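S.K.: Got a predicted model here, sequence first, then my questions.
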Amino acid sequence: MGLSPGKRKGLQAVSNPRGVIAAMAIDQRDALRDLFAGELKVEKNSVPREQLEEFKSIVVRALSPYASAVLLEPEYGLHAASQRHPSSGLVMAYEQSGYDRSDAGRLPRLLERWSVRRLIDAGAHCVKVLLYYALSDGPEVRERKRAWVERVGAECAGCDVPFFLEIVPYQDGVDEKSAAFARCKPAILANAMEAFSQPRYFVDVLKVGVPVTMAYVEGSSTSGGVFVHTRAEALEVLRRTAAATAKPFLFLSAGVSNRSFNEALALACEAGVQYCGVLCGRATWKDGVGVFVRGGENALREWLETEGVQNMKSINESLACATPWSEKYPANG
């Protein structure tokens, strides 16, 4: 596969010296409001905007020296983007948070008043959008999502900037934390990874969750005693899902604990999966929200300098098995 000079430069800007993407995600909006609302005991719409902006900025200042890049969004993250370490690149989210629950299919929406060009002007080295994807989507919903990804891909190609597509699987009527969903998740992910690897979408890097849910893997430290996969089956699921694409892909932490995410990365390593890195969010900084609400800025800084940094270092150590994205995009490709 070929890669334009601009896209290659963008991917290099968000990678570590080994060519692996060791990035921290803090582009959460609704999810972050929910965390703050839970700690403050208020409705999420009552969480002050300034509190979200301050939290993001403090986290980025403290943890970006340990990340090859930071994923942010322009709604609450512009100041935080300016606070990142000089060695840390910038990925910017282009989608609106969440989806309209009155509309079927969890249809995606782009941020108003923003464009790929404007995100680049704000400092972005790469652009990311999130797409909810289900095998239960009807034909009309599926076509609307495909056209939406095509549109964003063409815009990124026109601006010569790397396009990251985040795929979030779901299934109508199935609790996404249930064993039933853990059984169907791998097939949803594999289908989406294969579909959006087609050249027409101009996707450069896929961002996906680990296809097995560690809480349902036999022998996992986070297992509650209900198993969907034995360890051997989990290894095979990882290999089979990875084989669905020839594109570089990285793993997101999907809100699990740091311990669980590292365990999943170790399993991917054992399976021989060639993933190009991580975009890890709440597994690194989630517990800092309560610290910030209860103790303020100084307490959060202290927590980040100890627990937060250790979380980042442990994930970086787990990336020893990750494969540089350049292996999928050789310089002479």
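M.R.: Cool, the structure landed. Numbering: from 1, shown residues only.
S.K.: nearest residue to residue 137 other than its sequence neighbours?
M.R.: residue 105 (5.6 Å; C-beta to C-beta, 6 or more residues apart in numbering). Backbone N, C-alpha and C define where each C-beta goes, glycine included.
S.K.: check contacts around the one you found.
M.R.: 132, 134, 137-138, 141, 144-145 (C-beta atoms under 8 Å, 6 or more residues apart in numbering).
S.K.: repeat for residue 193
M.R.: 167, 206, 208, 241, 244-245, 247, 249.
S.K.: Just the ones in strands from those residues, please.
M.R.: Among those, DSSP state E puts 167, 206, 208, 249 in strands.
S.K.: Columns neighbour count and distance to residue 330 on top of the residues you listed, output as CSV?
M.R.: CSV is the format used below for the ones in strands among the contacts of residue 193 (neighbours: other C-beta atoms under 10 Å; distance: C-beta to C-beta, whole Å):
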residue, neighbour count, distance to residue 330
167, 23, 25
206, 22, 18
208, 26, 23
249, 27, 17
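S.K.: CSV for the residues you listed, including pLDDT?
M.R.: Compiled in CSV, the ones in strands among the contacts of residue 193 are given as follows (pLDDT from 0 to 100):
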residue, pLDDT
167, 98
206, 98
208, 97
249, 98
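S.K.: sec struct for residue 318, please.
M.R.: What DSSP: H, G, I helix; E, B strand; the rest coil gives for residue 318 is helix.
S.K.: out of everything not next to it in sequence, what's closest to it?
M.R.: The spatial neighbour of residue 318 that comes closest, neighbours along the chain excluded (C-beta to C-beta, 6+ apart), is residue 265 at 4.1 Å.
S.K.: list the buried ones in whichever strand or helix holds that neighbour?
M.R.: Assigned by DSSP states H and E, residue 265 belongs to helix 258-271. Judged by neighbour count using 16 or more other C-beta atoms under 10 Å, the buried positions of helix 258-271 are 258, 260-265, 267-269, 271.
S.K.: Could you look up the SS state of the residue nearest to residue 137?
M.R.: coil.
S.K.: In the stretch 51-200 of the chain, what residue spans correspond to helices?
M.R.: 78-82, 116-121, 139-159, 179-195 (DSSP state H, counting those that start in this stretch).
S.K.: and the longest one, how far out from the chain's middle?
M.R.: Its chain's C-alpha centre and that of helix 139-159 lie 19 Å apart, by C-alpha atoms, centre = their mean, to the nearest Å.
S.K.: And it, what does it pack against?
M.R.: For helix 139-159, the packing partners by 3 or more C-beta pairs under 8 Å, 6 or more residues apart in numbering; DSSP states H and E come out as helix 116-121, strand 126-133, strand 163-169.
S.K.: Any regions of the protein where pLDDT drops low?
M.R.: 1, 332-333 (pLDDT under 70).
S.K.: Please name the residues that touch residue 110.
M.R.: 94-96, 129, 152.
S.K.: how close does it sit to residue 30?
M.R.: Taking C-beta to C-beta, to the nearest Å as the measure, residue 110 falls 16 Å from residue 30.
S.K.: Quick one, which of the helices of the stretch 51-200 of the chain gets closest to residue 202.
M.R.: Taking C-beta to C-beta, helix 139-159 is the member of the helices of the stretch 51-200 of the chain nearest to residue 202, at 3.3 Å.
S.K.: So which residues make contact with the closest one?
M.R.: 6, 94, 104-105, 107-108, 110, 115-117, 120, 127, 129, 131, 133, 137, 162-163, 165, 195-196, 200-204.
S.K.: Now list the buried members of these.
M.R.: Among these, the ones that count as buried by 16+ other C-beta under 10 Å are 94, 105, 108, 110, 116, 120, 127, 129, 131, 133, 137, 162-163, 165, 195-196, 201-204.
S.K.: nearest residue to residue 316 other than its sequence neighbours?
M.R.: Leaving aside its sequence neighbours, residue 316 sits nearest to residue 22 (C-beta to C-beta, 6+ apart; 5.6 Å).
S.K.: Quickly run through the sheet partners of the strand or helix carrying the one you found, with directions.
M.R.: For residue 22, the host element (DSSP H and E) is strand 21-25. Under the criterion DSSP bridges, strand 21-25 sits next to strand 69-72 (parallel), strand 277-280 (parallel) in its sheet.
S.K.: of all those, which lies closest to residue 237?
M.R.: Here strand 277-280 is closest among the strands paired with strand 21-25 (C-beta to C-beta), at 18.6 Å.
S.K.: Name the next helix or strand downstream of that closest one, please.
M.R.: Downstream of strand 277-280, the first helix or strand assigned by DSSP H and E is helix 282-285.
S.K.: Which one of the contacts of residue 105 is nearest to residue 296?
M.R.: Of all the contacts of residue 105, the one with the least separation from residue 296 (C-beta to C-beta) is residue 132, at 35.7 Å.
S.K.: The closest one against residue 106, yeah?
M.R.: Yes - counting by C-beta atoms under 8 Å, residue 132 touches residue 106, with 3.7 Å between them.
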